[in-house]
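Visitor: okay, sequence plus prediction incoming.
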Amino acid sequence: MKKLAILVSGIGTNMQHILQSISNGKLSQVKIDSVVSDRYCRAIQYALKENIPSFSLEKTKKKLLSKEIDKIFIKYIPDIIVLSGFLSILDSEFCDKWAGKIINIHPSLLPKYGGKGMYGMKVHQRVINNKEKISGATVHYVTKNIDSGNIILKKSCKISSNETPISLSKKISIIEKELLIQSLNNI
């Protein structure tokens, strides 16, 4: 049984999808062992309702955040760490220590539209502003260089002529859920 740790900052949609996939058998041999957030958010509330050990580090200074997460993971020793809408940047020491165990889902076809400040609607707006014909999502390993780790899986979708950041976000969200479960099954 693989132990997952999930890092979140928001609603926790992908975390909920992982839980559903575990329940319905699409994701086997996996257990969410801990959920950690850099702020108090709905994902933490949901994890607590599911009796998953959950930690909100909202008052932790940014430069100490990775060290506080590491203290938690030393106790839980996750096999895989999933960044699920986690908006804080993990420091290089943390990334090196947990190398090959941290994965992220990004709402573009990396290496395009990745890097510092590129997340959520910012990515979709930039894709549309640049009149791209396709977009998609990428699951990749996390390294100290933002959105630069080895790609595990990616999948594309066409962008319609009347696409908006919101409509593109909905398309990409569906792809992200599929890719995340496929990636977790493959790792």
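Guide: That came in fine, so what should we check first? Residues are numbered from 1 along each chain as shown.
Visitor: what residues are up against residue 87?
Guide: Residue 87 makes contact with 9-10, 38, 119, according to C-beta atoms under 8 Å, 6 or more residues apart in numbering. Quick note: C-beta positions are derived from backbone N, CA and C, even for glycine.
Visitor: same thing but 6 Å
Guide: residue 9 (C-beta atoms under 6 Å, 6 or more residues apart in numbering).
Visitor: how would you label it: helix, strand or coil?
Guide: coil (DSSP: H, G, I helix; E, B strand; the rest coil).
Visitor: check it and give its pLDDT.
Guide: Looking at residue 87, its pLDDT is 86.
Visitor: likewise residue 80?
Guide: 97.
Visitor: report the beta-bridge partners for it.
Guide: residue 4 (DSSP bridges).
Visitor: how far away is it from residue 73?
Guide: Distance of residue 80 to residue 73, given as C-beta to C-beta, to the nearest Å: 11 Å.
Visitor: list of residues touching the helix ranked longest in the chain?
Guide: Once the chain is assigned using DSSP state H, the helix that runs over the most residues is helix 165-186. Outside helix 165-186, the residues that touch it by C-beta under 6 Å, 6+ apart are 14, 17, 21, 26-27, 105, 107, 121, 124-125, 136-137, 139, 152-153, 155, 157.
Visitor: can you map out the strands along the protein?
Guide: 2-8, 30-37, 54-56, 80-84, 102-106, 134-141, 151-158 (DSSP state E).
Visitor: helices and strands around the third one, which ones?
Guide: Put plainly, it is strand 54-56. strand 30-37, helix 42-49 (3 or more C-beta pairs under 6 Å, 6 or more residues apart in numbering; DSSP states H and E).
Visitor: export the strands of the chain as JSON lines, with columns for mean neighbour count and distance to residue 181.
Guide: Formatted as JSON lines, the strands of the chain follow (neighbours: other C-beta atoms under 10 Å; distance: least, C-beta to C-beta, whole Å):
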{"stretch": "strand 2-8", "mean neighbour count": "23", "distance to residue 181": "12"}
{"stretch": "strand 30-37", "mean neighbour count": "21", "distance to residue 181": "10"}
{"stretch": "strand 54-56", "mean neighbour count": "19", "distance to residue 181": "22"}
{"stretch": "strand 80-84", "mean neighbour count": "23", "distance to residue 181": "11"}
{"stretch": "strand 102-106", "mean neighbour count": "24", "distance to residue 181": "11"}
{"stretch": "strand 134-141", "mean neighbour count": "22", "distance to residue 181": "10"}
{"stretch": "strand 151-158", "mean neighbour count": "16", "distance to residue 181": "10"}
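Visitor: any chance of the ones you listed in a markdown table, plus distance to residue 167?
Guide: A markdown table is the format used below for these (distance: least, C-beta to C-beta, whole Å):
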| stretch | distance to residue 167 |
| --- | --- |
| strand 2-8 | 24 |
| strand 30-37 | 28 |
| strand 54-56 | 32 |
| strand 80-84 | 22 |
| strand 102-106 | 19 |
| strand 134-141 | 11 |
| strand 151-158 | 11 |
